[in-house]
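Participant: A structural model of the following input is requested.
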Amino acid sequence: MTATPLPAVVIDTAPSPDASVIWLHGLGDTGHGWSQAVPELALPPTLAVRFLFPHAPSMPVTINQGYVMPAWYDLRAADVNARADLAGVRASRERIETLIAAERARGVSASRIVLAGFSQGGVIALYAGVRHAERLAGIVGLSTYVVDPASLATEASAANRDVPIFMAHGTEDPVIRFEWAETSRRALEAAGWTVEWHSYRMEHGATQDEMRKAGAFIVRVLAAASSR
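Facilitator: Next comes the predicted model:
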């Protein structure tokens, strides 16, 4: 496991946060990009949450002619079945485990941690979230898909077999095709997860309504964690 957590933009919505949202950006972006979206979630002012927007390490990306950019893993092909570098996905999962461990060391219960991500970051949020050993509050995946779905049955942790999942996707997305996301949702549901699913007439991005619904999901899963 990575010795030190990745650098990140940190935003506390109130003093003394007792919950954390670890939000992973997409390919070529940094944590600064999605950190600006916190107000769009419309969280209640009484909810004290620490948002962490980590910066992915830079690496050559095959699908972009080897250009070096922030990436959670290499992309090798446009086809979904040959797209992701699984060794890189697993390495990024370890980085996220380190971030979770750091939040745990700061006194935040795993059950009050949400993993979230957009596009490539959503791939890692879903991959790491269902495999994390302790129960998490929930997982948010925007404009993303499930990598290596065949391993869900054997690799998902018992603690997160029924963790709530939020997914949203654009029907006109040319980067991560809508059918890839739909197939991923069906794979998760077939394996036993309940997925809150939203589709929007848009390309590869996010809408205000989507962000408000993601915010409402975060509020609900953190409230449910408090009642357990």
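Participant: which of the residues in stretch 199-214 are buried?
Facilitator: Within stretch 199-214, the residues scored as buried using 16 or more other Cβ atoms under 10 Å are 199-200, 202, 204, 206, 210-211, 213-214. The C-beta positions use only the backbone N, C-alpha and C, and glycine is treated the same way.
Participant: for the residues you listed, which one is nearest residue 173?
Facilitator: Closest approach between the buried residues of stretch 199-214 and residue 173, by Cβ to Cβ: residue 204, at 4.9 Å.
Participant: Might you report the residue contacts of the closest one?
Facilitator: Going by Cβ atoms under 8 Å, 6 or more residues apart in numbering, residue 204 touches 119, 143, 170, 173-176.
Participant: Check residue 195 too.
Facilitator: 165-167, 185, 188-189.
Participant: Reformat those residues into CSV and put secondary structure and pLDDT next to each item.
Facilitator: Output for the contacts of residue 195, formatted as CSV (DSSP: H, G, I helix; E, B strand; the rest coil; pLDDT from 0 to 100):
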residue, secondary structure, pLDDT
165, strand, 98
166, strand, 98
167, strand, 98
185, helix, 97
188, helix, 96
189, helix, 96
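Participant: what residues are up against residue 133?
Facilitator: 157, 159.
Participant: Three-state assignment for it, please.
Facilitator: Under DSSP: H, G, I helix; E, B strand; the rest coil, the three-state class of residue 133 is coil.
Participant: What score does it have for pLDDT?
Facilitator: Note for residue 133: predicted pLDDT of 97.
Participant: can you check residue 76 too?
Facilitator: At residue 76, pLDDT is 81.
Participant: and what of residue 153?
Facilitator: For residue 153, pLDDT reads 87.
Participant: pretty sure it is in a strand, no?
Facilitator: No: Residue 153 sits outside any strand when classified using three-state DSSP, being helix.
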